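> just the structure for this:
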Amino acid sequence: MSDQTSSFRLLHTMVRVLDLEKSIDFYTRHLGMTLLRKREFEAGRFTNAFLGYGDEATEAVIELTHNWDRTEPYEHGAGFGHFAIAVPDIYSACERMEAEGVPVPRPAGPLKGGLYDIAFVEDPDGYKIELVQRS
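Got it, this is the predicted structure:
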């Protein structure tokens, strides 16, 4: 790291969502994040919500952007992959989410090569969330 970039840090990753309240519910209820702040921008006709696991001043967070006039789901494109979240018990987390209707396209199990267990769930907009077993 150079002296010029030594004080840089990742602030947030933004994704656009169709139903902001449904997305906030998913990230808070199923993934245990906290809604840190939410702000409406009347002139731009959009709302931003920031969610995460800690203090936004020191931890990277997710920014959900809801464009008020959008009625169709967003295309994800080929560039975005997934968010990754460490969980203490991946099997019970997947079981609980699946019971509540959360799509689990890749059930909990060993990563190829057996280094650790992973799973993939989907948020209300179909964004992939990788769950990684961490004790």
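
> so what sits opposite the residue most central in space within the chain in the bridge?
For the chain, residue 83 is the residue whose C-alpha lies nearest the centre (C-alpha atoms, centre = their mean; 5.5 Å). Per DSSP bridges, the residues bridged to residue 83 are residue 129.

> so it versus residue 71, what's the distance?
25 Å (C-beta to C-beta, to the nearest Å). Yep, even glycine has a C-beta here, placed from its N, CA and C like the rest.

> before we move on, what about residue 12?
Taking C-beta to C-beta, one finds residue 12 at 26 Å from residue 71.

> before we move on, what about residue 59?
Applying C-beta to C-beta, the value for residue 59 to residue 71 is 33 Å.

> what's the single longest helix in the protein?
Determined from DSSP state H, the single longest helix within the chain is helix 90-99.

> now the very next helix or strand once past it and helix 90-99, what's the angle there?
Per DSSP states H and E, the first helix or strand lying C-terminal to helix 90-99 is strand 106-110. Orientation of strand 106-110 against helix 90-99 (axes from the mean of the first three to the mean of the last three C-alpha atoms, to 10 degrees) gives an angle of 170 degrees.

> note down every partner strand of strand 106-110 and its orientation.
When DSSP bridges is applied, strand 106-110 pairs with strand 117-122 (antiparallel).

> which residues sit against the strand it pairs with?
Under the contact criterion C-beta atoms under 8 Å, 6 or more residues apart in numbering, strand 117-122 has outside partners 30, 82, 90-91, 93-94, 97, 102-111, 128-133.
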